[in-house]
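In: model the structure of this input:
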Amino acid sequence: MKKRRLLPLEIRGPVKMDKKTKDLVERLEPGDIALICHRDLDETAADSLCKKRIKAVINADSSLSGRYPNKGPQKLARSGIVHLDQAGVHLFERLHDGDVICVRGASVFRGGVLMARCRQVNDALITRMMLEAERNMKLLLGGFVENTMEYVRREKELILGQLEFPTLKTTFAGRHVLVVVRGRSYREDLLAIRHYLDEVKPVLVGVDGGADVLLEFGYSADLVIGDMDSVSDEALRRAREIVVHAYPNGRSPGLERIRRLGLSAKVWRAPGTSEDIALLLAYEKNARLIAAVGTHSNMIDFLEKGRKGMASTFLVRLKVGDRLVDARGISQLYRSRVSGRSLVVLAVAAAIPAVVLALTNPTVRHIFRLFLIRSGLL
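Out: Sure, this is the predicted structure:
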């Protein structure tokens, strides 16, 4: 009997492309093929791609460079999404949005014409590159620490009280404040503290796209703060107050967008990241407690954001630490599941001591004997 020849894996679909993954995600539909240009694909970006139920991801850059252990490719692999990288930036010029393309093995075709040869990002490659990344971490850490210390000296005004804070309508004094950033595990963590939101009703601060996270859960931000590059128009319109984060030199690209929408905003010149100044603002406005979801707090987080240090985060957390509760990762505490059989065994085990104690009581034994007699069992 002739052995059946296995055909190579082939996926067809319309391509949607953008060099900024966060902008592309807004346009993706189930069944699309995403063309991105995202070096060292991070977990948050990969998660947003997975949620769109696309067929494949083609990266013009390297999804795994081996520089540090980024987990985006693992996320795509677990979701069963075909993943190619190193396609080359020229692919953006050769294709157009909506073109129907075919992914066959590690190659990309349009109408039978080869568009690009790529690298398949499979489990074997991910394992090998992650091991290489772990070996590079020690060298990377040294440079990261040096860079952080250099910027600590430049940005020390963050904790020395030399900033001018904006006057706001939002009242923070004596209240709980929840600062939401669209970072790793933000959705799961917010779900884990939903009862806290409904019972305590904290001031809701969305850092850029964090305002959209709140909308997903049915809440409108009391305050949106950031450079306005990753928050939706709807979230801005529904926010009660807006603060545009300006560079220390006064330049504020986000203000133009606010004006185009016909909205009003305060402009705040400050060094550091938007999430850091959001925490600092809540602290300086005398919040009783500051809870944070999705914030960036370790070296991998900052490398994924393209930053070579974390000076402002170090300084701000140094100052606000006594009031800050970092809720990132809290959902991990609730992941374990107890089976129905385990619950039955647990209930029986708990009942045994109670039954033994009851039967050793003379009154209980007498009542139990009468019950058996009336039941005809004695």
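In: biggest strand in the protein, by residue count?
Out: Looking across the chain with DSSP state E, the single longest strand is strand 10-17.
In: would you say residue 290 is within a strand?
Out: Yes. Under DSSP: H, G, I helix; E, B strand; the rest coil, residue 290 sits within a strand.
In: residue contacts, it?
Out: Shown in contact with residue 290 (CB atoms under 8 Å, 6 or more residues apart in numbering): 176-177, 179, 279, 282-283, 320, 323-325. All C-beta atoms are positioned from the backbone trio N, CA, C, and that covers glycine.
In: any idea how many residues pack against residue 261?
Out: For residue 261, the tally of surrounding residues (other CB atoms under 10 Å) stands at 14.
In: now for it: which residues touch it?
Out: With CB under 8 Å, 6+ apart, residue 261 has these contacts: 233, 236-237.
In: which of the contacts of residue 290 sits closest to residue 163?
Out: Nearest to residue 163 out of those is residue 283 (CB to CB; 11.7 Å).
In: show the backbone phi and psi for the closest one.
Out: Geometry field for residue 283 lists phi and psi as phi -70, psi -50, criterion degrees, to the nearest 10.
In: residue 197 now?
Out: The phi/psi pair for residue 197 (degrees, to the nearest 10) reads phi -60, psi -40.
In: output the contacting helices and strands for whichever strand or helix holds residue 102.
Out: Assigned by DSSP states H and E, residue 102 belongs to strand 100-104. Helices and strands touching strand 100-104, by 3 or more CB pairs under 8 Å, 6 or more residues apart in numbering; DSSP states H and E, are strand 10-17, strand 107-110.
In: and the angle for the longest one with strand 100-104?
Out: Okay, so that is strand 10-17. Comparing the axes of strand 10-17 and strand 100-104 via axes from the mean of the first three to the mean of the last three CA atoms, to 10 degrees yields an angle of 130 degrees.
In: what about residue 316, which SS state?
Out: Secondary structure, three-state DSSP: residue 316 is helix.
In: look up phi and psi at residue 211.
Out: Phi and psi for residue 211, reported as degrees, to the nearest 10, are phi -70, psi -30.
In: ok, the nearest residue to residue 95 once chain neighbours are set aside to residue 121 distance?
Out: Leaving aside its sequence neighbours, residue 95 sits nearest to residue 15 (CB to CB, 6 or more residues apart in numbering; 5.7 Å). Here the criterion is CB to CB, to the nearest Å. By it, residue 15 lies 17 Å from residue 121.
In: the two - which one has more neighbours?
Out: Legend: neighbour count by other CB under 10 Å for residue 15 and residue 121, higher for residue 121 (27 against 22).
In: can you name the residues that contact that one?
Out: Shown in contact with residue 121 (CB under 8 Å, 6+ apart): 59, 63-64, 73, 76-77, 83-85.
In: where do the helices sit along the stretch 151-300 of the chain?
Out: For the stretch 151-300 of the chain, applying DSSP state H, counting those that start in this stretch gives helices covering 186-192, 194-200, 210-216, 233-238, 253-260, 274-284, 299-304.
In: which residues does residue 174 contact?
Out: 286-288.
In: which stretches of the stretch 251-378 of the chain have low pLDDT?
Out: Counting by pLDDT under 70, the stretch 251-378 of the chain contains low-confidence residues at 297-312, 314, 328-329, 331-378.
In: what does the domain assignment say about this structure?
Out: 10-127, 160-333, 340-374 (automatic domain parsing).
In: save these as JSON lines, and put in distance to residue 136 too.
Out: Below are these laid out as JSON lines (distance: least, CB to CB, whole Å):
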{"stretch": "domain 10-127", "distance to residue 136": "6"}
{"stretch": "domain 160-333", "distance to residue 136": "11"}
{"stretch": "domain 340-374", "distance to residue 136": "43"}
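In: of all these, which lies closest to residue 133?
Out: Once the domains of the chain are compared by CB to CB, domain 10-127 is nearest, at 4.2 Å.
In: mind listing the residues bridging to the nearest residue to residue 17 once chain neighbours are set aside?
Out: Once flanking residues are discounted, residue 17 sits nearest to residue 35: 3.6 Å by CB to CB, 6+ apart. Note on residue 35: beta-bridge partners by DSSP bridges are residue 17, residue 58.
In: right, and residue 35 touches residue 14 too?
Out: No. Using CB atoms under 8 Å, residue 35 is not in contact with residue 14; the gap is 10.7 Å.
In: quick one: which of the two has more around it?
Out: Neighbour tally, residue 35 and residue 14, criterion other CB under 10 Å: the higher count belongs to residue 35, 26 against 14.
In: quick one: contacts for residue 66?
Out: Per CB under 8 Å, 6+ apart, neighbours of residue 66: 129, 132-133, 136.
In: residue 273: how many residues sit nearby?
Out: Residues near residue 273, counting by other CB under 10 Å: 24.
In: wait, isn't it in contact with residue 296?
Out: Yes. Between residue 273 and residue 296 there is a contact at 7.5 Å, judged by CB under 8 Å.
In: give me the common contacts of those two.
Out: residue 313.
In: what's near enough to touch residue 29?
Out: The contact partners of residue 29, by CB under 8 Å, 6+ apart, come to 16, 52.
In: who are the contact partners of residue 117?
Out: Taking CB under 8 Å, 6+ apart as the contact definition, residue 117 lies against 106-108.
In: and the gap between residue 245 and residue 207?
Out: Noted for residue 245: a distance of 9 Å to residue 207, by CB to CB.
In: next: residue 74.
Out: 26 Å.
In: buried subset of the contacts of residue 290, written for PyMOL?
Out: One line in PyMOL is enough to select the buried ones among these; burial here means 16 or more other CB atoms under 10 Å:
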select buried, resi 176+177+179+279+282+283+320+323+324
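In: now the contacts of residue 290 in JSON lines, with distance to residue 167?
Out: Output for the contacts of residue 290, formatted as JSON lines (distance: CB to CB, whole Å):
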{"residue": "176", "distance to residue 167": "21"}
{"residue": "177", "distance to residue 167": "17"}
{"residue": "179", "distance to residue 167": "19"}
{"residue": "279", "distance to residue 167": "19"}
{"residue": "282", "distance to residue 167": "15"}
{"residue": "283", "distance to residue 167": "16"}
{"residue": "320", "distance to residue 167": "20"}
{"residue": "323", "distance to residue 167": "21"}
{"residue": "324", "distance to residue 167": "24"}
{"residue": "325", "distance to residue 167": "27"}
